[in-house]
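# Got a predicted structure here, sequence first:
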Amino acid sequence: MLDIKLIRSNPEKVKQALAARRVQVDIDALLVLDQKRRDLQAQVEELKSERNTVSEDIGRLKREKQDASQMIMQMKSVSEKIKTMDEQVRELELQLQSVLLTIPNLPNEVVPIGNDDADNKEVRRWGEPTTFGFEPKPHWDLGETLDILDFARGGKVAGARFTVYKGMGARLERALINFMLDLHTGEHGYKEIFPPFLVNAESMTGTGQLPKFEEDLYKLREGNYYLIPTAEVPVTNLHRDEILAKDDLPIYYSAYTACFRSEAGAHGRDTRGLIRQHQFNKVELVKFVEPEGSYEELEKLTHDAEDVLKQLGLPYRVITLCTGDLGFSSAKTYDLEVWLPSYNAYKEISSCSNFEDFQARRASIKYRPDSKSKTEYVHTLNGSGVAVGRTVAAILENYQQEDGSILIPEVLRPYMGGIEKIILNDK
RNA sequence: GGAGAGAUGGCCGAGUAGGUCGAAGGCGCUCGCCUGCUAAGCGAGUAAGCGGUUUCAAGCUGCUUCGGGGGUUCGAAUCCCCCUCUCUCCGCCA
C-alpha cells in the first residue's frame, strides 16, 4: 500500500511512477476523497471534544449531587450527530482504503522503463547453454520414458496441470527440497520455517494477493481459507501487526511449501511438462530488514538463490524486470532464468523482489530504529530459492545422457542415496 | 463436536455496583546521578493509529484504541449481544 501522505504531498511523482508501470489510477479523485474524509473527521472530532468535556462536567455535578439534566439533554443530540457523522467518515475511509489497496507499488527509480517482458534487461549470465552430441529430449519425454513422471495419471487423479512423481523422480524432488533448505540455513544464514499452507484473507491482503488477484487463488468453500500461492504469504505475515526489535533485524527466513495457483489466464501456455502446474513445490527466501540496506539485501538474496543453480551446475541468467513487467507489490525485481533445452531458451525459475515498505504498510510490520524514535515500517523482500519442479525439469533436460539416463549433480548425490544417475527401472 | 476459563501497553500483570483510567505495580529500554570498571542503587522518562498546527522534523494539540464487531448510556477496559483466538476437561481423530 502506498502512503496516503506521500500521494498527498507528491501527487505528480506518484502519477509518473504509476504511468511508468502502465497502470491507470485516478489520483486526483483519490485526493478529493481524502480531503473530504479529513474535513469531516475534523468536524466530528470537534464535537467529540465537546462531548468529552461536558461529560466530565456531568460526572462532577452528579458527584456533587447537582442537577445535570440540562446538559444531558444537550449532549444527547450532540451524540446523535456524532453517530451519523462517524458513519459517514467510516464510509469515506472504506472507499479510500479500497482504492489504496488496488494501487501497485511504485517502481524504484533504477528500474528500467518498459512495457512488458520484451523490455526486461539482462544483468549477467552464468554458464553456457548446454550442448549435446545427440538430439536432446524435453523433460516430459525423459520423465515418462524413465517412469519417474506420470502426467496421464496426474490428470486422472486430479486434472490438467497436475503431475505424479514416481520412484527416483519423487526422490529427486525431495532431494532438491532438502538440498536447498540445507544450503540456505547452513550457509546463507536463514532460519527454516514450515508454515501453514492455508491462510486467511488478512494474510493474503498483507502481501498483496488480495483484493486484486482473487481469481489467481484457490479459495476453500469453508472457513475463509485460501491455499497459498507461495510461502511468501504465510512467512511474511508471520510478523503482521508486530513491532520488531531493532536487534531482531535483519530476519532471514527460508521455507519449503507446496504452492497452489489457479493459473487463470494462462490457458495454452506451458501446457506440457512440469513448468506450469496448479500445485508445485518451492523453497522461498524471505527477509525483513531496515530500509537503509534493503537494496544491498536484495543483491545478497538474489545471490543466495543463484547459488542453488551454481551448485547444481545449471546455466542461468539474471534479468531485471522493467516497470511494465513488475509484480504488483514489488519496487524492484530480478528474475533468475534457467536454461531449458526443450524451450531453447532461458525460463524463469526464481523471482527476487524488494517490496520496500509496501507490504509492511499493508501488514503493519514495524520496528523502532532506536529507543527514542517512533516506529517505522521495515522493508520486506523475498525470492524463490528456487522453484523445485522447474529445477527437476532443468536437471532432467540439462543432465540427460545419450542413453536416456540422467546424470545427478554431485551436490545432490548424498540426498539421492549415493546414486550417480537415474536409469530406467530404478525402483 | 460438548463444557468451562481467559484475551489489557515492548513483556508480565492490576483494574469490572459505568465518570478523576490510556490505564496501578513490576520487568525491559532511554537519559541523568552515583561508581576505578561492571553490577547494584537513586531520579526522570518510556504505547500505537488518524487528524490539526509546522517548509520538514521536533514540539504543541484534538480524536480514537484495553482481542474484533455491534448495542445500551450524556459518558464504557468496566453492562448487554455476536464473532475470533488461546488454555483446561470430555468426545472424535492422523
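Everything's here; your move.
# in stretch A:179-199, what's buried?
Counting neighbours by 16 or more other C-beta atoms under 10 Å, one finds that the buried residues in stretch A:179-199 are A:179-181, A:183-185, A:188, A:190, A:193, A:195, A:197-199. In this view, the C-beta of every residue, glycine as well, is placed from N, C-alpha and C.
# now the end-to-end length of it.
26 Å (C-alpha to C-alpha, to the nearest Å).
# Next step: the buried residues of stretch A:179-199 restricted to strands.
Judged by DSSP state E, the subset of the buried residues of stretch A:179-199 located in strands is A:193, A:198-199.
# just curious, which of the residues you listed is nearest to A:Gly383?
The shortest approach to A:Gly383 among those belongs to A:Ile193, at 14.8 Å (C-beta to C-beta).
# Give the other helices and strands that the host helix or strand of A:Leu336 contacts.
Assessed by DSSP states H and E, A:Leu336 sits inside strand A:332-340. In terms of contact count using 3 or more C-beta pairs under 8 Å, 6 or more residues apart in numbering; DSSP states H and E, strand A:332-340 is assigned the packing partners helix A:294-312, strand A:316-320, strand A:345-354, strand A:379-387, helix A:388-398.
# please redo it, this time with the cut-off set to 6 Å
Helices and strands touching strand A:332-340, by 3 or more C-beta pairs under 6 Å, 6 or more residues apart in numbering; DSSP states H and E, are strand A:316-320, strand A:345-354.
# for the first one, which positions count as buried?
By neighbour count, with 16+ other C-beta under 10 Å as the criterion, the buried positions of strand A:316-320 are A:316-320.
# Over to the longest one?
Counting neighbours by 16+ other C-beta under 10 Å, one finds that the buried residues in strand A:345-354 are A:346-354.
# Throw those into TSV and include pLDDT and distance to A:Arg362, thanks.
Below are those laid out as TSV (pLDDT from 0 to 100; distance: C-beta to C-beta, whole Å):
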residue	pLDDT	distance to A:Arg362
A:Tyr346	97	32
A:Lys347	97	30
A:Glu348	97	25
A:Ile349	98	27
A:Ser350	98	23
A:Ser351	98	19
A:Cys352	98	20
A:Ser353	98	15
A:Asn354	97	15
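# which among those gets closest to A:Gly265?
If you rank the buried residues of strand A:345-354 by distance to A:Gly265 using C-beta to C-beta, A:Glu348 comes first, at 16.2 Å.
# And that closest one, how far from A:Met416?
26 Å (C-beta to C-beta, to the nearest Å).
# likewise A:Gly206?
Distance, A:Gly206 to A:Met416, using C-beta to C-beta: 38 Å.
# Name the residue in the two with the higher neighbour count.
Set A:Gly206 next to A:Met416 and count neighbours by other C-beta atoms under 10 Å: A:Gly206 wins out with 27 against 19.
# show me what contacts the more buried one?
A:237, A:240, A:362-363 (C-beta atoms under 6 Å, 6 or more residues apart in numbering).
# Counting neighbours, what do you get for the closest residue to A:Phe151 other than its chain neighbours?
Of all residues not flanking A:Phe151 in the chain, A:Thr163 sits nearest, at 5.5 Å (C-beta to C-beta, 6 or more residues apart in numbering). Residues contacting A:Thr163 under the criterion other C-beta under 10 Å number 25.
# So which bits of chain A are right by RNA strand B?
Proximity of chain A to RNA strand B (C-beta under 7 Å from any atom of the strand) is limited to residues A:4-5, A:34, A:38, A:41-42, A:44-46, A:48-49, A:51-56, A:58-59, A:62-63, A:72, A:75-76, A:78-79, A:243, A:366, A:368, A:371-372, A:374-375.
# and these, which of them are in strands?
Among the residues of chain A next to RNA strand B, the residues falling in strands (DSSP E) are A:243, A:366.
# The residues of chain A next to RNA strand B, buried ones only, as a PyMOL selection?
Selection command for PyMOL covering only the buried members of these, criterion 16+ other C-beta under 10 Å:
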select buried, chain A and resi 4+34+41+44+51+54+55+58+75+366
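# among the residues of chain A next to RNA strand B, which are in helices?
A:4-5, A:34, A:38, A:41-42, A:44-46, A:48-49, A:51-56, A:58-59, A:62-63, A:72, A:75-76, A:78-79 (DSSP state H).
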